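**Student:** Build me a structure from this.
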Amino acid sequence: CYNHFIQRNVSECTMAKLFSDDRLRQRILAFFAALLSFSILTAYAGIPVYATDSVPEPSESSDSSKDTDGSESPDNGFEITSSAENILVLSTSRGKTLYDRNAGITANIPAASKIMTAVIALEALTTDTLVTISKDAEELDDKSDKPLFIIKGEKCSVQYLVAAIIYCDSDAAALSLAEYISNDEASFVKRMNETAKSLNMKDTLFANTSGEPVITALPSTSASIKYSSYAKQYSTLNDLALLFRYALNQNSFREIFSRYRSLTFQSDGTPQSITNTLVSAWGIANLDGAARFSDTDSSSVSSVVSLASVDDFEIVILFQDSQNDSIYQDLSGGIESTFHYYEVSNLVNAGDPYRTVSIDGIPGPIDAEFKNTVRYIHPIGTEYGLTETVFTPTQALALPISTGDLLGQVSFTLEDGTQIVTEVVSSESILS
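**Tutor:** Residues are numbered from 1 along each chain as shown. From the prediction side, this is the model:
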């Protein structure tokens with residue numbers, strides 16, 4: 001079987017050549033070790049396996065409306081017990097903050113650099129694009145405690161390198177993508193900062209793709225001095241959440257993030273398999289994906305980016321400086337606590353009557369109804385009432401008007417301050 005594997009996948013190499021090269025021998029041993037460990041996990045841990053063409057579909061909400069929400073944690077008594085210093089929980093649909101512990105504090109957050117690199121790569125390239133590994137990337141990989149065993153001149157697919165970033169926090173994979181897209185890391189960093197600005201990441205500055213801290217001068221005391229005042233690379237959990245929600249809109253990013261294993265093939269047929277370092281987290285109820293990124297200040301803590309859902313209620317949970325020996329407890333506790341405290345209900349249903357509205361240029365009032373079902377998040381057992389509704393008519397509306405024609409938008413303000421905007425349509429026809 002082994003000879004067949006070598007002959008089929010590495011046709012240009014003899015077995016003697018393979019085993020005379022230390023690096024190639026390491027890669028082959030690593031590949032079989034990954035397959036063995038993966039088989040054990042799936043056989044004994046009851047972890048489901050998804051083929052490349054059967055990725056779990058992201059949950060879809062029938063609510064196509066929009067809302068805005070403040071960044072501060074709701075003052076509702078909800079608490080999450082965790083080893084992490086900073087935590088942010090929010091909904092993916094509207095970005096509503098459900099829990100906030102120091103999410104606005106600037107700090108060095110390597111996860112932001114890595115995810116930004118992955119996002120730009122997936123926007124600029126197809127997942128099957130082959131990227132040539134440079135000498136700098138090979139040397140960077142050699143220094144990693146989770147090496148990919150990549151070699152200068154080797155070609156790796158974008159999918160493999162993005163998976164390596166998400167699953168293994170690979171600096172070498174991030175650098176390889178940056179060099180391929182922009183020729184050098186410095187030029188790519190400019191693109192990172194431009195994208196951050198377009199996403200309204202106001203408290204973020206990038207200096208490299210790895211997330212290594214770049215300090216100008218250490219202050220005499222850091223207790224009351226903002227990190228961004230003496231660092232050239234920083235972000236916040238609030239900004240990281242903006243970036244991650246944007247990334248989830250990319251189907252390729254969501255698919256890779258939602259798996260815990262990726263298997264691709266090089267042009268010569270050589271398999272490249274990579275498994276998420278948090279693979280065991282897939283046994284946590286309602287978890288849809290997770291990634292761990294090192295925190296450069298200490299080897300004992302990590303930042304964790306995670307996605308979880310119950311039906312159409314999907315949330316992002318971000319942990320910063322989570323103790324490595326408590327990550328699974330932090331994830332499980334955060335997910336369970338959130339879904340035990342909050343639920344999603346219908347605010348209005350599609351087809352429900354709104355009221356009669358008056359529009360300039362149209363004689364007489366028009367009966368309006370809601371176009372979409374609007375769902376909202378609230379503490380279980382505590383439904384929010386409406387404190388205000390405002391109708392804004394569509395511009396340049398003229399007769400005739402048919403049933404279902406768009407009349408305008410309605411803005412709701414809920415008791416907790418949440419603002420929701422949805423559309424209303426005509427429930428009658430007016431010819432003249």
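**Student:** for the protein, what are the low-confidence residue spans?
**Tutor:** Counting by pLDDT under 70, the chain has low-confidence residues at 1-76, 221-223, 297.
**Student:** ok, which stretches of the stretch 301-432 of the chain are strands?
**Tutor:** In the stretch 301-432 of the chain, the strands defined using DSSP state E, counting those that start in this stretch lie at 301-310, 313-323, 342-348, 353-357, 366-370, 374-379, 386-393, 406-414, 419-426.
**Student:** got TSV for those strands, with distance to residue 194 and mean neighbour count too?
**Tutor:** Any C-beta I mention is one placed from the backbone N, CA and C, and that applies to glycine too. Below are those laid out as TSV (distance: least, C-beta to C-beta, whole Å; neighbours: other C-beta atoms under 10 Å):
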stretch	distance to residue 194	mean neighbour count
strand 301-310	22	23
strand 313-323	23	24
strand 342-348	35	18
strand 353-357	41	15
strand 366-370	39	20
strand 374-379	33	21
strand 386-393	33	13
strand 406-414	31	19
strand 419-426	29	20
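**Student:** Reformat these as TSV; add distance to residue 205.
**Tutor:** Shown next, in TSV, are the strands of the stretch 301-432 of the chain (distance: least, C-beta to C-beta, whole Å):
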stretch	distance to residue 205
strand 301-310	17
strand 313-323	17
strand 342-348	33
strand 353-357	45
strand 366-370	43
strand 374-379	32
strand 386-393	37
strand 406-414	34
strand 419-426	30
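**Student:** With residue 432 as the reference, name the closest of those strands.
**Tutor:** strand 366-370 (13.3 Å; C-beta to C-beta).
**Student:** which strands and helices sit next to the closest one?
**Tutor:** Based on contacts counted as 3 or more C-beta pairs under 8 Å, 6 or more residues apart in numbering; DSSP states H and E, the elements that strand 366-370 packs against are strand 353-357, strand 406-414, strand 419-426.
**Student:** Tell me which of those strands sits nearest to residue 261.
**Tutor:** Smallest distance to residue 261 across the helices and strands packed on strand 366-370 (C-beta to C-beta): 38.6 Å, for strand 419-426.
**Student:** Could you tell me the angle between the closest one and strand 342-348?
**Tutor:** Computed with axes from the mean of the first three to the mean of the last three C-alpha atoms, to 10 degrees, the direction of strand 419-426 lies at 30 degrees from that of strand 342-348.
**Student:** returning to that earlier point: distance to residue 111 added to the helices and strands packed on strand 366-370, as TSV?
**Tutor:** Output for the helices and strands packed on strand 366-370, formatted as TSV (distance: least, C-beta to C-beta, whole Å):
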stretch	distance to residue 111
strand 353-357	43
strand 406-414	32
strand 419-426	29
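**Student:** which phi and psi does residue 143 have?
**Tutor:** The phi and psi values for residue 143, taken as degrees, to the nearest 10, are phi -80, psi -10.
**Student:** Can you name the residues that contact it?
**Tutor:** Neighbouring residues of residue 143 by C-beta atoms under 8 Å, 6 or more residues apart in numbering: there are none.
**Student:** measure it to residue 210 for me?
**Tutor:** Applying C-beta to C-beta, to the nearest Å, the value for residue 143 to residue 210 is 11 Å.
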